[in-house]
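> Fold the following and give me the result.
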Amino acid sequence: MEPRERIANKAHELFMRYGIRSVSMDEVASQLGMSKKTIYQFYADKDSLVADVIDIELDANQYECTRHKAKSENAIHEVFMAVDMLQEVLTKMNPNVLFDLEKYHPAAFKKHNEFKNKFLYTIIKENMEWGKRDGLYREEVNTEIMARFRLAATYLVFNPEMFPVGKNSLPTVVTEITDNFLYGLATAKGQKLIQKYKQQRLKSI
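Got it, this is the predicted structure:
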C-alpha cells in the first residue's frame, strides 16, 4: 500500500471512531509509526487529509448502496438492507463526525452534501418509483417530496440536539423512523412484506 493511501486509511479509521476534531495530525502519525513530517510530505494540512478521508467514506457508501440495489428482492427489501448498512455504520461512527465536518472542514462538507443531495436522493427516489410500480407503495404519494423527506429524516439521527447521545441508541432511532416512514408509504401488499422482513430480522438476532 502506498504511503498516502496508508495515511488516509488510518485517518479514516481514527476520524470515524473519535471524531475529526479530536484526532490531531500527531495522533495519526503516531498510530502509523511515522513522523508528522512524513505525513506533511503527502498532505499539506488536515483539510487535505479530511478531503481524502471523505472520499473513502463516500466511495464505500456508494458501493454498498449500489450492491444492495442489485441484490434486493423488491423496494422494501432494499430499504431493510440500507437500514442494516446504516446501523452498522452507526456502530463504528462517532456522531460528531458530521458536526466537525460542517464546522471545521467546509470544502469536505460541501462534497458530502453533494453526494447526499444527488446520489442518495436518486437512490431513494428510484426505490420509491420501484415500489410504486410493484404495488408496494401507494400510487398517490408524491415521490419527490417524500424522497427529500426520507433523506432529511435519515440525517436527523446525526443531530445531537434532536437525539442526544446516550438517551436512545442510534440504531433504535433509525429503526423507529424507518418503520413509521415505510408503514405510511406502503400499500396493504407492502405492509405484509414489511412484517415479513421484520420477522426475519427478529429471528436473526
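
> Tell me the secondary structure at the residue nearest to Thr143 when sequence neighbours are not counted.
Spatial nearest neighbour of Thr143, chain neighbours left out: Met128 (4.8 Å); criterion: Cβ to Cβ, 6 or more residues apart in numbering. Quick note: C-beta positions are derived from backbone N, CA and C, even for glycine. With DSSP: H, G, I helix; E, B strand; the rest coil as the basis, Met128 sits in helix.

> and the gap between Met128 and Asn159?
24 Å (Cβ to Cβ, to the nearest Å).

> and these two? which has more neighbours close in?
Met128 (21 against 12; other Cβ atoms under 10 Å).

> residues in contact with His68?
Contacts for His68 (Cβ atoms under 8 Å, 6 or more residues apart in numbering) come out as Glu78, Met81, Ala82, Met85.

> Which pLDDT does the model give Val174?
The model reports Val174 with a pLDDT of 89.

> residues near Asn74, how many?
Neighbour number of Asn74 under other Cβ under 10 Å is 16.

> Equivalent analysis for Asn180, please.
The burial count for Asn180: 11, using other Cβ under 10 Å.

> SS state for it?
Relying on three-state DSSP, one would call Asn180 helix.

> and if you look at Asn168?
coil.

> What values do phi and psi take at it?
Dihedral pair for Asn168: phi -130, psi 140, per degrees, to the nearest 10.

> how many other residues sit next to it?
There are 12 residues near Asn168, going by other Cβ under 10 Å.

> OK, contacts around the most centrally placed residue in the chain?
Among the residues of the chain, the one closest to the centroid is Leu86, at 5.4 Å (Cα atoms, centre = their mean). Taking Cβ under 8 Å, 6+ apart as the criterion, Leu86 is in contact with Thr154, Val174.
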